[in-house]
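Peer 1: sequence first, then the predicted structure, then my questions.
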Amino acid sequence: MWSGICIACRDRPRIVRGEAAMTRPDKPCLFRSGRMVDVLSADGRVLALDDAQAERLGLDAGTAIGSPWSRLYSLEARQRIAGLFSARSPLPRVVPLTLRASDGQMIPTTAVAELFEAEDGLCLRLCKWPAGSELDDVAALAEANEVLSGIVAASSDAGWCMEWTDPVDLSAPEHEIVRQVFENGPFWRFCNGAMARLYRTPAGQEFNQRPVAEIFPRTPENEDFIRRLIRADFDINGTPSRDLRYDGLFIDVENDVRGHIRGNRLFRMWGTVRDVSKHVRRETQLKDEIAFLQAVLTSLPDPLLVADAYGTIQFANMAAEALFEAPADRLTQMRFDDLVTGAVPFDRLFADARVSMISTARAPFTAGVPLPGGAVRIEGTAQIFEMRGVTFLAVCLRHIPRSVERENMMAPGGRPE
């Protein structure tokens, strides 16, 4: 009777009419002690069973062939076996499985599972050892890896892991490290479905098999991104880069990245990536709008001052700089009452404007501006506004020419302020 496949010598069975035959290796296998082997079909039948497993379960190997899985395995084990068939992974897996003896006794084991194609279709070969063997730790690690891989695969955040054919030498100069990151054979170790969707992977193609350079080309922006990683020891959050989607469009993304460094060599780096293109576009649009409004306010022909509730100047345009004969950065260190005299005090002006802040037809006030060459008369209007919960007073001023001032003084009832 066939005794299965060994993880060490890799003996291969062939299924023939419900029986299995194999070519044994020339040397005895050290892993066969206590091993139990069977072969299962995807439709739930036992195709082959070795003598060791049949004896341990109290079954006749010949009559057990063709029986359902439920005769040999617990419910939890059958669910795990069904999952192995569904996954269709070409790689061997190490999993815990519980056997059911003929007397109902449950026998915990650790199994090496491997799928293969046979005359009966897709089959699963299970080589099992009693629990407590050296494979238990491997099974625990494999199960933890399966859980973590499932979490990453199901995540809506694009996750990725990149490795290099030749690890990157981090003891080299910075420009050489940058070169190696792009040229030392980078490849995707793992990327989830969200990553494939983010970069518009063509239908029918596996993202993990595509070249890294297709979406992460060597551009000035991406070289800067790698430099930031180097200076942060490959441990960063929210760092921007510019990537290329498969539809030919560049997108602005934000990355959280960690690196696996051992002995001054970068073996892999992984992280998550978020598409922030729409936020970058909106930010650019807002910056343009702000720059436009600042240009308009700065270029107004009339002097404009903006003060907070304490009278400290927060903004002064170019016309105000010309009127007060001082640059804006100096004006913003002064108070309104230091610049304008002979008018209603700022506190009163601020309070009056707050009371009537909806009005657009407030009477102007007149005042003086003391200058080294002599005082000048001005006329002004004020308006309250709020920004981010803070109240400000905008004061628009206008120089009164002396000729107009004399006419006002000569008019009936006219008098100097």
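Peer 2: Perfect, thanks for sending it.

Peer 1: so, low pLDDT: which residues of the stretch 251-400 of the chain?
Peer 2: Low-confidence segments of the stretch 251-400 of the chain, defined by pLDDT under 70: 280-281, 343, 356-363.

Peer 1: residue ranges of the strands in it, please?
Peer 2: 265-275, 304-308, 313-316, 365-369, 376-387, 390-399 (DSSP state E, counting those that start in this stretch).

Peer 1: of all the ones you listed, which lies closest to Arg197?
Peer 2: With CB to CB, the closest approach to Arg197 among these belongs to strand 265-275: 10.2 Å. Bear in mind the C-beta positions are built from the backbone N, C-alpha and C, glycine included.

Peer 1: now do whichever strand or helix holds Ala82: distance to the chain's middle.
Peer 2: For Ala82, the element it lies in under DSSP states H and E is helix 75-87. In terms of CA atoms, centre = their mean, to the nearest Å, the centre of helix 75-87 is found 33 Å from the chain centre.

Peer 1: tell me the helices and strands packed up against it.
Peer 2: Secondary-structure packing of helix 75-87 (3 or more CB pairs under 8 Å, 6 or more residues apart in numbering; DSSP states H and E): strand 93-100, strand 106-118, strand 121-130.

Peer 1: for those, which one sits closest to Ile226?
Peer 2: strand 93-100 (35.9 Å).

Peer 1: coming back round to it: could I get the strands of the stretch 251-400 of the chain as JSON lines with distance to Glu176 and mean neighbour count?
Peer 2: Listed next are these as JSON lines, based on distance: least, CB to CB, whole Å; neighbours: other CB atoms under 10 Å:
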{"stretch": "strand 265-275", "distance to Glu176": "13", "mean neighbour count": "19"}
{"stretch": "strand 304-308", "distance to Glu176": "52", "mean neighbour count": "21"}
{"stretch": "strand 313-316", "distance to Glu176": "49", "mean neighbour count": "20"}
{"stretch": "strand 365-369", "distance to Glu176": "63", "mean neighbour count": "18"}
{"stretch": "strand 376-387", "distance to Glu176": "49", "mean neighbour count": "16"}
{"stretch": "strand 390-399", "distance to Glu176": "51", "mean neighbour count": "18"}
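
Peer 1: want to try TSV for those strands, with distance to Trp69 as columns?
Peer 2: Listed next are these as TSV, based on distance: least, CB to CB, whole Å:
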stretch	distance to Trp69
strand 265-275	38
strand 304-308	78
strand 313-316	78
strand 365-369	94
strand 376-387	70
strand 390-399	72
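
Peer 1: flag every buried residue along the helix holding Ala82.
Peer 2: Neighbour-count burial for helix 75-87, counted by 16 or more other CB atoms under 10 Å, picks out 77-78, 80-81, 84-85.

Peer 1: ok, stretch 214-227 next?
Peer 2: Result for stretch 214-227 [16+ other CB under 10 Å]: buried residues 215-216, 222, 225-226.

Peer 1: first-to-last residue distance for that stretch?
Peer 2: From its first residue to its last, stretch 214-227 covers 20 Å (CA to CA, to the nearest Å).

Peer 1: same question for that stretch, mean pLDDT?
Peer 2: What stretch 214-227 shows for mean pLDDT is 91.

Peer 1: for it, the distance to its chain's centre please.
Peer 2: Distance, centroid of stretch 214-227 to centroid of chain: 17 Å (CA atoms, centre = their mean).

Peer 1: do stretch 185-199 as well
Peer 2: That offset, for stretch 185-199, works out to 13 Å (CA atoms, centre = their mean).

Peer 1: just stretch 125-132 next, same as before
Peer 2: Per CA atoms, centre = their mean, the centroid offset for stretch 125-132 relative to its chain is 40 Å.

Peer 1: and stretch 390-405, by the same measure?
Peer 2: So, by CA atoms, centre = their mean, the centroid of stretch 390-405 is 52 Å from its chain's centroid.

Peer 1: name the residues that touch it?
Peer 2: With contact meaning CB atoms under 8 Å, 6 or more residues apart in numbering, stretch 390-405 is reached by 302-309, 314, 320, 323, 336, 340, 346, 349-350, 353-354, 366, 376-386.

Peer 1: switch to 7 Å and redo it
Peer 2: 302-309, 314, 323, 350, 353, 376-385 (CB atoms under 7 Å, 6 or more residues apart in numbering).

Peer 1: low-confidence regions, the stretch 101-250 of the chain specifically.
Peer 2: Judged by pLDDT under 70, the stretches of the stretch 101-250 of the chain that qualify are 133-155.

Peer 1: now the helices for it?
Peer 2: Here the stretch 101-250 of the chain has its helices, by DSSP state H, counting those that start in this stretch, at 135-154, 174-183, 193-198, 220-231.

Peer 1: from Val273, how far out is the closest residue to Pro240 other than its chain neighbours?
Peer 2: Using CB to CB, 6 or more residues apart in numbering and skipping the chain neighbours, the partner closest in space to Pro240 is Glu254 (5.7 Å). Between Glu254 and Val273 the computed distance is 7 Å (CB to CB, to the nearest Å).

Peer 1: for the residue nearest to Gln180 when sequence neighbours are not counted, give the beta-bridge partners.
Peer 2: Using CB to CB, 6+ apart and skipping the chain neighbours, the partner closest in space to Gln180 is Val168 (4.5 Å). Applying DSSP bridges to Val168 gives these bridge partners: Leu266.

Peer 1: settle this for me: Val168 is touching Leu266, isn't it.
Peer 2: Yes - using CB atoms under 7 Å, Val168 is in contact with Leu266, at 4.0 Å.

Peer 1: please enumerate the shared neighbours of those two.
Peer 2: Counting by CB under 7 Å, 6+ apart, nothing touches both Val168 and Leu266.

Peer 1: next one: the lengthiest helix in the chain to chain centre, how far?
Peer 2: In the chain, taking DSSP state H as the definition, the longest helix is helix 277-299. Here the centre of helix 277-299 is set off from its chain's centre by 27 Å, with CA atoms, centre = their mean.

Peer 1: one more: stretch 176-196?
Peer 2: Distance, stretch centre to chain centre, for stretch 176-196: 16 Å (CA atoms, centre = their mean).

Peer 1: buried residues in that stretch, which are they?
Peer 2: Those would be 177-182, 184, 186, 188, 190-196, for stretch 176-196 by 16+ other CB under 10 Å.
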